[in-house]
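Visitor: 3D, please:
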Amino acid sequence: MTTAPPRFTEALVDFDTRLFREKFDREPFLIQHRLPGHPLFELERIMELTRSLPADRVEYNAGDVPITLDPKVTPRTGLSAEETIRRIEECRSWLVLKNVESDPEYSALLRDCLSPMQSIIPDMHYFEAFVFVSSPGSITPFHIDPECNFLLQVRGSKFVRMYPRDNAAILTEQELERFYAGASRNLTCRDEEGTTSRLFELLPGQGLHFPVTMPHWVKNGPEVSVSFSVTFRTSASDRREILYRINHHLRRTGLAPRPVGQSPWIDQMKFTSFDTIRRVRRLLGSKPEPDRRGY
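Guide: You can find the predicted model right below:
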């Protein structure tokens, strides 16, 4: 994790400012970037990065999986992470390197990618970056993520099927509550045909914005894919997380909490109560409850 603010440099990403302001964290939209051919995304450099990361920051498994997948039964290939990358063209695998901003070069690249967005999102914080390396045709199962995310396609292509997050037939309040309370990001896709979804094809030099907890699944194109995911939190995403965690707690006590966003004044009352308790605990010297972070 890097806590330094993004630095301003020659823009690596391009976007329509009006469209960005209109759709950010509401709808997916495409941007452009200049990362194809960047030396940090050569497979040899990614293998070097793999060796430098803690084991729990490297996740890899078979990519020939269904859209809905219980993470407890995720199939493995028997290969190491380095072997997976070396044989990525034929091993039918999916690999993600998490929190690569711990490496100074990737940290600088993360800041450079986010710099042009800072004037539009001044409260952006908690910056993280992920590198994805995937075999042709591999699938990333249906899931949601807690961050504001821009997925930048560097090599190969991907098809991203994105679903509305405000459709209870696709994503329920209870699923969101459990997710923010620590459950797996993988969910059951109840519309595998995609009748309620939007399909995006990402080519090298294109990026896609994923609003917070926008349900989606991904299928790689016919070539090896390398992608760079740049993520961050905002005051709004932090508040959203807190409200869902409060509702999860209330539901566990037997209550039926009002869904987040249905009543602004009830949401504000919950958030104010939480913030007051947190401040009192700090004043009394209690150890604060850790935030749920990670991919």
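Visitor: okay, CA-based contacts and neighbour counts for the rest of this
Guide: OK.
Visitor: Now do the buried residues in stretch 250-262.
Guide: By neighbour count with 16 or more other CA atoms under 10 Å, stretch 250-262 contains the buried residues 259-260.
Visitor: What lies in contact with it?
Guide: Residues outside stretch 250-262 that contact it (CA atoms under 8 Å, 6 or more residues apart in numbering): 173, 240, 243-244, 247, 266-267.
Visitor: Please apply the same query to stretch 265-279.
Guide: With CA under 8 Å, 6+ apart as the criterion, stretch 265-279 contacts 239, 242-243, 246, 258, 260-261, 288.
Visitor: Can you spell out the domain ranges of this structure, please?
Guide: For the chain, automatic domain parsing gives the domain ranges 13-234, 237-283.
Visitor: Can you say which of these is packed in most?
Guide: domain 13-234 (a mean of 19; mean count of other CA atoms under 10 Å).
Visitor: Helices along the stretch 1-150 of the chain, start to end?
Guide: 17-23, 43-52, 81-86, 104-114 (DSSP state H, counting those that start in this stretch).
Visitor: Kindly reformat those helices as JSON lines containing distance to G137 and mean pLDDT.
Guide: Putting the helices of the stretch 1-150 of the chain into JSON lines (distance: least, CA to CA, whole Å; pLDDT from 0 to 100) gives the following:
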{"stretch": "helix 17-23", "distance to G137": "30", "mean pLDDT": "97"}
{"stretch": "helix 43-52", "distance to G137": "18", "mean pLDDT": "97"}
{"stretch": "helix 81-86", "distance to G137": "15", "mean pLDDT": "96"}
{"stretch": "helix 104-114", "distance to G137": "27", "mean pLDDT": "97"}
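Visitor: Ok, which of those helices comes nearest P136?
Guide: helix 81-86 (12.6 Å; CA to CA).
Visitor: where along the stretch 101-250 of the chain do the strands fall?
Guide: Counting by DSSP state E, counting those that start in this stretch, the stretch 101-250 of the chain has these strands, from start to end: 125-134, 139-143, 148-155, 158-162, 198-202, 206-210, 216-220, 225-233.
Visitor: Fine by me, thanks again.
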